[in-house]
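>>> build me a model:
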Amino acid sequence: MNEPDFIAALRALPLHPAARGLADDCAVLTVGGETLVLTHDMMAEGTHFRPDADLADVAWKLVATNLSDLAAKGAEPVGVLLGHMLGDGDARFIKGLHEALEAFDTPLLGGDTIAAHGPRAFGLTAIGRASHTPVPSRSGAQPGDGVWITGPVGRAMLGFEGDPEHLAAFNRPQPRLAEGRALAAQVSAMMDVSDGLLLDAYRMAEASGVTLALSREAIPVADPARADDCLRWGDDYELLFTAPPSAALPVPAHRIGTVQASGKAPLLLDSEARGDPASLGYRHG
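Predicted structure coming up:
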């Protein structure tokens, strides 16, 4: 199975309402008077990081990518659970983990450690506390809303390729936690940009049952000469969101388009329909 097929099969299983139909980045669980936001992401050697990567950077990125999902829900981190596969560089992994947890004021709650052969894989579960209810989702975009992004795309791509100015964007991304909390009460839909702006915009449009019409010229990119690559590469962890015209945005952001009623495709780029998600960004399988 590829990733969409596998997720479709999972939807046939008994799902808790907190799962949001597996159509969002996080589960949203109300316990008593508290609303918790939970997410789990993995990183695999050879796919998400090179075999010779500094495991301190890998640990940082594992934390940051999970916290980015919490940021897209306007959540405040409560703690994380780690799944760790032992091997070379464990001391460096612990160093990077300590640096990330300290930087984002997020404690370790526990987890599991295994010893196995083959390429390494690590997992992390992040738990957050909602700062606003209803918790933002991918599915709330409404016709007439503006489409916004908090910063440029393509920096991680350039860092992966070795550009010294952008190395940190790939190795040690910064989840937009403060921005997410500030925006939570203002947005109609929000998610982070992890698999490429075009693909994530397509996903938001599909979840919301609308069309997102984007303007290429309005989208901030790290390298204008390679704008198409910047729009597809991913790993940027900026926040993509929609908001009504009346919203007073509390953080700097770039308006990159408009939400329209559902049309010939979920995504338009300069009025051109983009209907094939496989060509828009990164998907597993």
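>>> any weak-confidence spans in the chain?
282-285 (pLDDT under 70).
>>> how near is the residue sitting furthest away from the middle of it to Arg50?
Most distant from the centre of the chain: His117, at 29.6 Å, with distances by C-alpha atoms, centre = their mean. From His117 across to Arg50, the span is 19 Å (C-beta to C-beta, to the nearest Å). C-beta: built from backbone N, CA, C; applies to glycine.
>>> cool, Ala185 as well?
Counting by C-beta to C-beta, the gap from Ala185 to Arg50 is 40 Å.
>>> between these two, which one's more packed in?
Ranked by neighbour count (other C-beta atoms under 10 Å), Ala185 and Arg50 place Ala185 first, with 14 against 11.
>>> which residue is the nearest non-sequential neighbour of that one?
Leaving aside its chain neighbours, Ala185 sits nearest to His132 (4.7 Å; criterion: C-beta to C-beta, 6 or more residues apart in numbering).
>>> again, but for Asp105
Among residues not flanking Asp105 along the chain, Pro77 sits closest, at 7.3 Å (C-beta to C-beta, 6+ apart).
>>> isn't that neighbour up against Ala178?
No - under the criterion of C-beta atoms under 8 Å, Pro77 is not in contact with Ala178, lying 11.6 Å apart.
>>> so where do the helices sit in the chain?
Assigned by DSSP state H, the helices in the chain fall at 3-10, 55-71, 90-103, 155-160, 167-171, 177-183, 197-208, 227-233.
>>> nearest to Glu272, of those helices?
Closest of the helices of the chain to Glu272 is helix 197-208, at 11.4 Å (criterion: C-beta to C-beta).
>>> tell me how far stretch 192-208 is from the chain's mean position?
Here stretch 192-208 is found 9 Å from its chain centre; the criterion is C-alpha atoms, centre = their mean, to the nearest Å.
>>> my bad, stretch 87-103
22 Å.
>>> and stretch 24-42, by the same measure?
That offset, for stretch 24-42, works out to 15 Å (C-alpha atoms, centre = their mean).
>>> report the buried residues of it.
Within stretch 24-42, the residues scored as buried using 16 or more other C-beta atoms under 10 Å are 24-29, 35-41.
>>> all good on my end, thank you.
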